[in-house]
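J.: give me the fold of what follows.
(chains A, B and C)
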Amino acid sequence: MKEFLDGFSVLYTLELIGTFVFAISGIRLAAKKEMDLFGAAVIGFVTALGGGTTRDVLLDSHPVAWIENPTYAGLVLIAVPFTYIFRRYLIYMHRTFFIFDTVGIALFTISGMQKALSLGLHPGLAMAMGVVSAVVGGVIRDILCNEIPLIFRKEIYAMACFSGAVAFYFLEASGSPTNLNYLLTVILIVGIRIIAIRKNLTFPKMK
Amino acid sequence: MKEFLDGFSVLYTLELIGTFVFAISGIRLAAKKEMDLFGAAVIGFVTALGGGTTRDVLLDSHPVAWIENPTYAGLVLIAVPFTYIFRRYLIYMHRTFFIFDTVGIALFTISGMQKALSLGLHPGLAMAMGVVSAVVGGVIRDILCNEIPLIFRKEIYAMACFSGAVAFYFLEASGSPTNLNYLLTVILIVGIRIIAIRKNLTFPKMK
Amino acid sequence: MKEFLDGFSVLYTLELIGTFVFAISGIRLAAKKEMDLFGAAVIGFVTALGGGTTRDVLLDSHPVAWIENPTYAGLVLIAVPFTYIFRRYLIYMHRTFFIFDTVGIALFTISGMQKALSLGLHPGLAMAMGVVSAVVGGVIRDILCNEIPLIFRKEIYAMACFSGAVAFYFLEASGSPTNLNYLLTVILIVGIRIIAIRKNLTFPKMK
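T.: Numbers count the residues shown, from 1 in each chain, chains lettered A, B, ... in the order given. A predicted model of the protein is given here:
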């Protein structure tokens, strides 16, 4: 139990779950766009790993995460038949997915920011890098599917990520235990996103 | 005065102005596409800093400019409310913008080429890298907004950049003072672009 | 003769041919999209060199191939007038092009995988990196032309590349001579693609 609660293991385990859920979201969009199995696997891959890859390339942090650890790519490969086999069930699991997806975003934000901080980045840029890790995968997915990225139009979740990044930074600075900070940050991000969707809150449009 | 005219300071000051103007151009397109504030900030960011980032990643010149110096990202953040507040005035400032935008392109071309040369690149590739620094931001902006990049269709300004890059290279090689070379190159690039638009010159179409 | 058959020279010569043919395919699509000469040159460039560049950036293998060796960029520059001058003939050379294009893909797969293996990558990821080298150029070309990448929709050639990568890996492991392995792999990839098109085979669609 104690070992399970160790910061690294918890974060890593949750990151793997986030990767899997992100891959499924990409594969489902690819299926909707009538792509073939190969296209679906690629879209799943970039959705799940595009954000972290962009962060690592920008930070010159090599090898990038999925090159160093083949588990990530393996999860995407498993997600393809998984999505296919459970396609009927996945449709009804909209809520479950929404939660996992948001938790995934929250975790990618935190781990992205931590990586940037550990490389000595300015805190403001590290927060931005956390958001990059969380959202760029979805942006690349939408570009490959020839759509204007959803996140620029309707979703408030980038703002949720950013709020989480700010909160996590100050929680850490306050000396509060890291595992608690993970939990609070995830709750904050999930909370903002749920409230935003319930109340139909969107970010103000320009003009 | 002398210090102000020092090559580095002048170039840096003008680069900051170019960054700000590029960010505004991205934010305005995002507003036209009905994106929200977050989307507008991101589009402003990639328009202003995407070209230099691409150059730095290709050249493995880390940290990339805006990670090393948070001023660039700060300027983009300031550009968002600035564009919003002055939106009525900006519409009537089409000409002013056009000039600043072209000067920005010219400066990005020069500074991009200088960076590439300082890293020992072949002069021809260094010129290309200057053009990359100047135009890739606009290309990413157009892709994120789901349009075929303007620069591939109508605008002659990539050619203007390239002519400027060639001119600057030979001016430098001739031993002419660097600040004069900046000035002449900027005048050349702005001049080509103005003449091209006045005379409705475009680059010949393929086929 | 012996020197010509030396692994490096053969591979390098064939890579140059592949680069040239890829550039032409990009330039032709750009012409169809009514782009100007500059746009055509850029599309030719990214089609020919985008895959290898992506591979090199992901692997942090700097300088990227076309920065280290200006021959690649030079070939793209030559391809622009070449395509323009021979445009009438190229239309009738559909078959010849198809063969060269597929050979190009095969070679890019092999050389990309070899580079990844030489950097110590996990064999599965090295195979994926071979496919990246071969297909990402075409993906960027399609995105810049505002189309959903062809490869995600109809073409089986990514699968052909991947089969070739697997075959090449095991041929090399078996101790079979490298030049023979090149030949067998190219024949395999070209064969799969031809059969797939003849029999109208496609990869199964998701859903």
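
J.: just want the residue of chain A that's nearest chain B.
T.: Closest approach between chain A and chain B, counting by C-beta to the nearest C-beta: A:Phe152, at 3.0 Å. Every residue, glycine included, has its C-beta placed from N, CA and C.

J.: mind listing what the closest residue to that residue other than its chain neighbours touches?
T.: Once flanking residues are discounted, A:Phe152 sits nearest to B:Gly39: 3.0 Å by C-beta to C-beta, 6 or more residues apart in numbering or on different chains. Counting by C-beta atoms under 8 Å, 6 or more residues apart in numbering or on different chains, B:Gly39 touches A:149, A:151-153, A:203, B:30, B:33.

J.: same question, A:Gly44
T.: Neighbouring residues of A:Gly44 by C-beta under 8 Å, 6+ apart: A:22-24, A:26-27, A:30, A:76, A:79-80, A:83.

J.: same thing but at 7 Å, please
T.: A:23, A:26-27, A:76, A:79-80 (C-beta atoms under 7 Å, 6 or more residues apart in numbering or on different chains).

J.: make TSV out of the contacts of B:Gly39 and add neighbour count, secondary structure and pLDDT.
T.: Shown next, in TSV, are the contacts of B:Gly39 (neighbours: other C-beta atoms under 10 Å in any protein chain shown; DSSP: H, G, I helix; E, B strand; the rest coil; pLDDT from 0 to 100):
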residue	neighbour count	secondary structure	pLDDT
A:Pro149	23	coil	83
A:Ile151	24	helix	77
A:Phe152	25	helix	74
A:Arg153	18	coil	70
A:Phe203	21	coil	68
B:Ala30	29	helix	88
B:Lys33	19	coil	85
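
J.: tell me which of those residues is nearest to chain C?
T.: A:Pro149 (12.8 Å).

J.: so how far is A:Ala158 from the residue lying closest to A:Phe108 once chain neighbours are set aside?
T.: With sequence-adjacent residues excluded and distances taken as C-beta to C-beta, 6+ apart, A:Phe108 is closest to A:Ala134, at 4.2 Å. Using C-beta to C-beta, to the nearest Å, A:Ala134 is found at 8 Å from A:Ala158.

J.: the two: which has the busier surroundings?
T.: The neighbour comparison of A:Ala134 against A:Ala158 (other C-beta atoms under 10 Å in any protein chain shown) goes to A:Ala134, with 33 against 24.

J.: nearest to chain C: which residue in chain A?
T.: Residue of chain A nearest chain C, by C-beta to the nearest C-beta: A:Gly39 (2.9 Å).

J.: OK, contacts around the residue of chain A closest to chain B?
T.: Residues in contact with A:Phe152 (C-beta under 7 Å, 6+ apart) are B:35, B:39, B:42.

J.: in helices, which of those appear?
T.: Among the contacts of A:Phe152, the members falling in helices (DSSP state H) are B:39, B:42.

J.: so what's A:Ile91 scoring on pLDDT?
T.: For A:Ile91, the model assigns a pLDDT of 72.

J.: which SSE is it in?
T.: Using DSSP states H and E, the element containing A:Ile91 is helix A:87-92.

J.: how far does the helix or strand following that helix sit from its chain's centre?
T.: For helix A:87-92, the following helix or strand on the C-terminal side (DSSP H and E) is helix A:94-118. Helix A:94-118 has its C-alpha centroid displaced from the chain centroid by 4 Å (C-alpha atoms, centre = their mean, to the nearest Å).

J.: now helix A:94-118: buried residues?
T.: A:97, A:100-117 (16 or more other C-beta atoms under 10 Å in any protein chain shown).

J.: how about stretch A:24-35?
T.: Here stretch A:24-35 shows A:24-31, A:33, A:35 as buried, counting by 16+ other C-beta under 10 Å.

J.: is any residue of it near chain B?
T.: No. Using C-beta under 7 Å from any C-beta of the partner chain, stretch A:24-35 stays clear of chain B, with a minimum separation of 14.4 Å.

J.: which residues touch that stretch?
T.: By C-beta under 7 Å, 6+ apart, stretch A:24-35 touches A:39-40, A:43-44, A:46-48, A:79-80, A:83, A:101, A:141, A:145, C:148, C:152-153, C:205-207.
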